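Q: I'd like to go over a predicted model; first the sequence, then the structure.
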Amino acid sequence: MQTSKLVALKLPDCRFVVRVRNGPRLGTIFSTDKGWHYQFDGTPREGPLCRNAEEALGIMEAVAEHEHMIEEDVRA
């Protein structure tokens with residue numbers, strides 16, 4: 001699963017590790033009994049409930065861009 005700037009690699013147990021394309025790891029996307037969540041590495045809490053993993057990845061990309069977590073050369 002991927003966007004133009006992020007790549008999510010599937011792990012066991014309904015989880016994905018999220019990385020900047022050709023760059024560092026940003027966090028994880030995971031499923032609970034209530035739905036899908038995302039969490040950036042180094043943050044104490046997960047993000048809000050998402051409808052599916054694809055929506056979570058899209059939100060992670062928007063937040064990462066807003067917080068300047070994606071380097072300029074990857075944004076093009």
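A: Structure received. From a predicted model like this one, the values you see are computed outputs, not experimental measurements. Numbering: from 1, shown residues only.
Q: what about residue 23, neighbour count?
A: The number of residues packed near residue 23 is 15, by other Cβ atoms under 10 Å. The way it works is simple: take the backbone N, C-alpha and C, and place the C-beta from them, glycine included.
Q: Remind me what the helix or strand hosting residue 16 packs against, helices and strands.
A: Using DSSP states H and E, residue 16 falls within strand 15-20. Where contact means 3 or more Cβ pairs under 8 Å, 6 or more residues apart in numbering; DSSP states H and E, strand 15-20 is packed against strand 6-11, strand 25-32, helix 53-66.
Q: same thing but 10 Å
A: If you count contacts as 3 or more Cβ pairs under 10 Å, 6 or more residues apart in numbering; DSSP states H and E, strand 15-20 packs onto strand 6-11, strand 25-32, strand 35-40, helix 53-66.
Q: looking at the ones you listed, which is closest to residue 46?
A: Closest to residue 46 of the helices and strands packed on strand 15-20, according to Cβ to Cβ: strand 35-40, at 4.1 Å.
Q: tell me the angle of the closest one relative to strand 15-20?
A: Orientation of strand 35-40 against strand 15-20 (axes from the mean of the first three to the mean of the last three Cα atoms, to 10 degrees) gives an angle of 40 degrees.
Q: So which bits of strand 35-40 are buried?
A: Buried positions in strand 35-40, judged by neighbour count with 16 or more other Cβ atoms under 10 Å: 36-40.
Q: can you give me how far it is from the chain middle?
A: With Cα atoms, centre = their mean, to the nearest Å as the basis, strand 35-40 stands 8 Å off its chain's centre.
Q: if we can go back for a sec, and the strand holding residue 16, which residues are buried?
A: Using 16+ other Cβ under 10 Å as the test for burial, strand 15-20 gives 16-20.
Q: Closest one of the residues you listed to residue 8?
A: residue 16 (4.0 Å).
Q: List the beta-bridge partners for that closest one.
A: Listed by DSSP bridges, the beta-bridge partners for residue 16 are residue 10, residue 29.
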